[in-house]
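> Kindly return the folded structure for what I paste below:
(3 chains)
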Amino acid sequence: MAIKEVNALQEIILKKLTAYLQTKSIDSPIVIGIHTGGVWLAKKLHAQLSQKGIVNEPLGTLDISFYRDDFTRAGLNPKVKPSDFPVSTEDRHVVLVDDVLMSGRTIRAAMNVVFEYGRPASITLVTLLDLNAAELPIKADITGQQLSLNRNQRVKLTGPDNLKLTIKTLSTQAN
Amino acid sequence: MSLLITGGRIIDPANQVDTFADIYLSGGKVAAIGDQASAFQARQTIDATGLVICPGFVDLYFYIPEPGYEQKGTVESETKAAAAGGVTSLCCPPATSPIIDSPSIATSIQKLASQSGYGRIWPIGAMTMGLKGAQLSEMATLKKAGCIGVTNMRYPFDNTRVLLRCLEYAASQDMTAFLQSIDLFLEQDGCVHNGPFSTRLGLPGIPETAETVALARDLLLVEQTGVRAHFSQLSTAKSVDMIADAQAKGLNITADVCIHHLLSTDECIEDFNCLYHIQPPLRDKADRQRLREGVSDGVLIAISSQHQPHETAAKMAPFAETAPGISGVETLLPLALELVDNGMFDLSTMIARLTCGPAGAANINAGNIGVGQRADICIFDPKERWLLSGETLHSKGKNTPHLNTMLKGRVRYTLVKGRRVFQS
Amino acid sequence: MGLAAIKDSSNIQLTDNGQLRHFLSIEGLPKALLTEILDTADSFISMEQQSVKKVPLLRGKTVVNLFFEPSTRTRITFELAAKRLSADVLNLNISTSATSKGETLLDTLKNLEAMASDMFVVRHSQSGAAHFIAEKVTPNIAIINAGDGRHAHPTQAMLDMLTVRRHKGDFKQLSVAIVGDILHSRVARSLIQAFTTLGVPDLRVIAPNTLLPVNVDALGLRVFNRMADGLKDVDVVIMLRLQYERMQTALLPSQHEFYQLYGLTRDKLKYAKPDAIVMHPGPINRGVEISSDVADGKQSVILDQVSNGIAVRMAVMSMAMSGQMTQQSDALKRLGDEQ
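Below is the predicted model:
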């Protein structure tokens, strides 16, 4: 199945999210991007929502490295960028942005981080792609495109400029 | 019981023998060699094709932990290990508890050895009572009880005068002084050679001068007293030079080196390997080279094993807290053969340094398989490769860095008084 | 001789694929790994500046502080680091008596192993103690060396590296001088290893000969007996504590003369570059190795060292635990495959 261009996906997301926020009567949400791809996307989304007057505060970013569930197997990523929450999430509506929803473990860890900074009123999950491969009961509220890959395929977002999605096929011997 | 050994190469440097010939043993002695031997009908035969036949080795420094430290080994277990290593005469220092400073201990150790039935123990008695470095021991009485000499091991003397008196007295009783030259103040708490490895590992180092300063003093005192002296287990190049000079001047001295100092250097302790923790310490490549040359040209007339078995716990601690010593008698032959393979000296010289050399230094009747001599014989295969494992290591002490390694050169038979006491 | 001659004894510290599983000494660790430790520590420092100071990396793990030598500061920083990683911490202060030696250590450790500990932080008066434990006693427990005899104090060296990097940037341009009792100092040995591995081109030690180990220049540095020569134009000055408790007699005539010759005063600091930083692993002896005005002065980064210590220890502990667990799960997997 063909992937749409990132620009196109971002347009779809903006439209859907705007409608969603209106339906849910969510006022002045905080946008938080998950490193690294989610932050790239969140930057544009945050700019667009700010322009529309929907969002009034700076963008937050978070890194899940210290909250992963597989650190004892995969090791720490030393280039951890620190989480940056300019606003407390206590009692606020959060829009969480990531590039690809796969197993759902990144989102679980990200939610743990959000909760460390305060108890949110709600979390809306926005992803560019949903691979229908969740291993946990986690779903994207807004997604640009649903996509099913073969077991040996992975999709990657490259950036930060000229955001592009590419599908990679792993060699049969790779894990 | 008569025994004929055929087809082997007999190397007996004491009698300048290196020949392919048969050897016939009877009544515990060497009865005939060569054509005369072949004429005999023996009750038993050993086919020694491809093997070397030589006198059982004479080891000038072999720790016997009994009495007092039986958890490390016993007379039986260690003389058996010695036999497995081809050693039929071993000289043990007074490192027992009680110390060999009374004739009864000397006698009982020798008795235990003869009861065990392996090799013969020639004890070295204590030079001072209790090795305390203050009062002379009863050297004449010890000699009568079978001690071949006296030593104060590495223990201090109250002062230099006491050492002088010991040497004077030993000379007058015709006792050999076995000296381990060490300045304990320079050694301090050192446990390894003072060099780049001790610096990197932060282990307290023992400088060369800890040995050479004491050696210089000891040589002068030996000269003054005229005592017959043997210097045990030297470790530095300079020591070899000093011994060579003294011998050239006519001093009645001999010296030996421990086999491990001929093979290994301080590099071996690099990862805190306490199996290489010994006294004196392994030093650097230049020292090792000079020691090898000393063995080759005869300044060092003997190679000793410095066999020192320990229980496992003694080596299960951080390096400086482990007990020094390697359980080495069973690797003596393969390690010595390595030097022959390296071209350091020939096989005959090697055997001389393990037989007539030490026997001469200790002034004992051993290391000689001429006709009429006691049939203490080692028969070995210089080429056989074998694994030193828990099963093939007979000593109670498993503290050898060569455990679970392949060795080249193996004792096949050891005979004491013409009787097989070891066979591999 | 130099570092090139090191046998690969580092493999005891590393897993099969090069991850850290024990942190025993700087020696034998590749530059990339040291850099990884520094980068990881940096991220923990950034994290510390947030309101959230704790992360769940070592949740459910038991870390035991085994201090056979007394220490308050180091033990507390390790405890803080472990707690910030959400680990459970046990403190065991066992003083070594003169007579109880290897057996006590062995028995103590075997008992602790039976109680399912995951990590030991060990300080001991004997060089090689941490290696001994990692190699012979409890290879499946991550061992962090908090100082063994004169041999190594690797976490101290790493927090010093982090401090230097944060103040001076690239190691490749630096001139560094280490001053004082090098002979007895495990900090000095680890510093020398770390600076050399990270590529410092000009590394110096300054001390009287009695406080220098033999062949110290074989470690790849220059030796000076005078501060005026040794401090000339250096970027970093590291003063070592004059370890009176470890000194045998007859190494120095007096503290007074030591201070005259080697104490870092404002005048002596002038030999170094004007923007040189002053460091000290602590605790400092004012008026012995360093004057108060230098210790408290604007070039001193001693307090930074202290705060960097927690982040570095967090980095090392989490990396070692991760490596240890990877090694064990790989071993189990291999076992499973064989069956």
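> Could you tell me how far B:Lys238 is located from chain A?
Going from B:Lys238 to chain A by C-beta to the nearest C-beta, to the nearest Å gives 51 Å. For the C-beta atoms, the positions are set from N, CA and C on the backbone; glycine is no exception.
> Could you export stretch A:103-114 as CSV, keeping only the C-alpha atoms?
What follows is stretch A:103-114 as a C-alpha-only set of coordinates in CSV (Å, rounded to 0.1, in the frame of the first residue of the first chain):
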residue,chain,number,x,y,z
SER,A,103,3.5,-1.5,19.6
GLY,A,104,2.2,1.2,21.8
ARG,A,105,5.0,1.0,24.4
THR,A,106,6.5,4.3,23.5
ILE,A,107,3.1,5.9,24.2
ARG,A,108,2.7,4.1,27.5
ALA,A,109,6.1,5.4,28.5
ALA,A,110,5.3,8.9,27.3
MET,A,111,2.1,8.9,29.3
ASN,A,112,4.1,8.0,32.4
VAL,A,113,6.3,11.0,31.8
VAL,A,114,3.3,13.3,31.3
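> Report the buried residues of it.
By 16 or more other C-beta atoms under 10 Å in any protein chain shown, the buried positions in stretch A:103-114 come out as A:104-114.
> just how off-centre is that stretch within its chain?
Put simply, stretch A:103-114 sits 10 Å off its chain's centre (C-alpha atoms, centre = their mean, to the nearest Å).
> for stretch A:98-117, same thing?
8 Å.
> which SS class is residue 135?
Unless you meant another one, I'm taking chain A. coil (DSSP: H, G, I helix; E, B strand; the rest coil).
> Not quite, go with chain C.
Assignment for C:Glu135 (three-state DSSP): helix.
> List the contacts of the closest residue to it other than its chain neighbours.
Spatial nearest neighbour of C:Glu135, excluding adjacent residues (C-beta to C-beta, 6 or more residues apart in numbering or on different chains): C:Ile12 at 5.8 Å. Contact partners of C:Ile12, counting by C-beta atoms under 8 Å, 6 or more residues apart in numbering or on different chains, are B:271, C:22, C:24, C:131, C:134-135.
> same thing but at 7 Å, please
Going by C-beta atoms under 7 Å, 6 or more residues apart in numbering or on different chains, C:Ile12 touches C:22, C:134-135.
> out of those residues, who's nearest chain A?
C:His22 (15.0 Å; C-beta to the nearest C-beta).
> ok so, going back, which of the buried residues of stretch A:103-114 lies closest to B:Leu51?
B:Leu51 has its nearest neighbour among the buried residues of stretch A:103-114 in A:Arg105, at 69.6 Å by C-beta to C-beta.
> coming back round to it: quick check on the residue nearest to C:Glu135: phi, psi?
Dihedral angles of C:Ile12 (phi, psi; degrees, to the nearest 10) stand at phi -70, psi -30.
> Then A:Leu96?
According to degrees, to the nearest 10, A:Leu96 has phi -100, psi 130.
> okay, now it: neighbour count?
Close neighbours of A:Leu96, defined as other C-beta atoms under 10 Å in any protein chain shown, add up to 27.
> so it sits right up against A:Ile32, yeah?
Yes: using C-beta atoms under 7 Å, A:Leu96 is in contact with A:Ile32, at 5.5 Å.
> Can you pull the domain assignment for chain B?
For chain B, automatic domain parsing gives the domain ranges B:2-53+B:374-423, B:56-362.
> and these, which is most packed in?
domain B:56-362 (a mean of 22; mean count of other C-beta atoms under 10 Å in any protein chain shown).
> got the end-to-end distance for it?
15 Å (C-alpha to C-alpha, to the nearest Å).
> what about that domain, distance to the chain center?
Here domain B:56-362 shows a centroid-to-chain-centroid distance of 7 Å under the convention C-alpha atoms, centre = their mean.
> do stretch C:76-88 as well
17 Å.
> Outside of it itself, list whatever touches it.
C:53-59, C:61-63, C:65, C:89, C:91, C:121, C:146, C:309-310, C:313-314, C:317-318.
> ok, now with 6 Å
The contact list for stretch C:76-88 (C-beta atoms under 6 Å, 6 or more residues apart in numbering or on different chains) reads C:53-54, C:56-59, C:61-63, C:65, C:89, C:121, C:309-310, C:313-314, C:318.
> thinking again about what came up before, distance of the residue nearest to C:Glu135 relative to B:Pro196?
21 Å (C-beta to C-beta, to the nearest Å).
> Would you list the phi and psi of B:Pro382?
phi -70, psi -10.
> Could I get the full set of strands for the stretch 101-250 of chain C?
Shown for the stretch 101-250 of chain C, the strands assigned by DSSP state E, counting those that start in this stretch span residues C:119-124, C:142-148, C:175-179, C:202-206, C:222-224, C:236-239.
> With only the CA atoms kept, save the second one in CSV.
Extracted C-alpha coordinates of strand C:142-148, given in CSV (Å, rounded to 0.1, in the frame of the first residue of the first chain):
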residue,chain,number,x,y,z
ALA,C,142,27.0,-5.8,38.7
ILE,C,143,30.0,-4.5,40.6
ILE,C,144,30.8,-0.8,40.8
ASN,C,145,34.2,0.0,42.1
ALA,C,146,34.0,2.9,44.6
GLY,C,147,37.8,2.7,45.2
ASP,C,148,40.1,-0.2,45.7
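> same for that strand, what does it pack against?
In terms of contacts (3 or more C-beta pairs under 6 Å, 6 or more residues apart in numbering or on different chains; DSSP states H and E), strand C:142-148 is packed against strand C:119-124, helix C:129-132, helix C:302-338.
> partner strands of the first one, parallel or antiparallel?
Which is strand C:119-124. strand C:62-67 (parallel), strand C:142-148 (parallel) (DSSP bridges).
> okay, now C:Pro274: neighbour count?
7.
> In contact with B:Glu338: list those residues for me.
Under the criterion of C-beta under 6 Å, 6+ apart, the contact list for B:Glu338 is empty.
> Per-residue pLDDT of it, please?
Predicted confidence (pLDDT) at B:Glu338: the value is 97.
> That one is in what secondary structure piece?
In this structure, B:Glu338 sits in helix B:332-341 according to DSSP states H and E.
> For the helix or strand just after that helix, which outside residues touch it?
Later in the chain than helix B:332-341, the nearest helix or strand by DSSP H and E is helix B:347-354. Applying C-beta under 6 Å, 6+ apart, the external contacts of helix B:347-354 come out as B:11, B:13, B:18, B:54, B:57, B:295, B:302-303, B:336, B:340.
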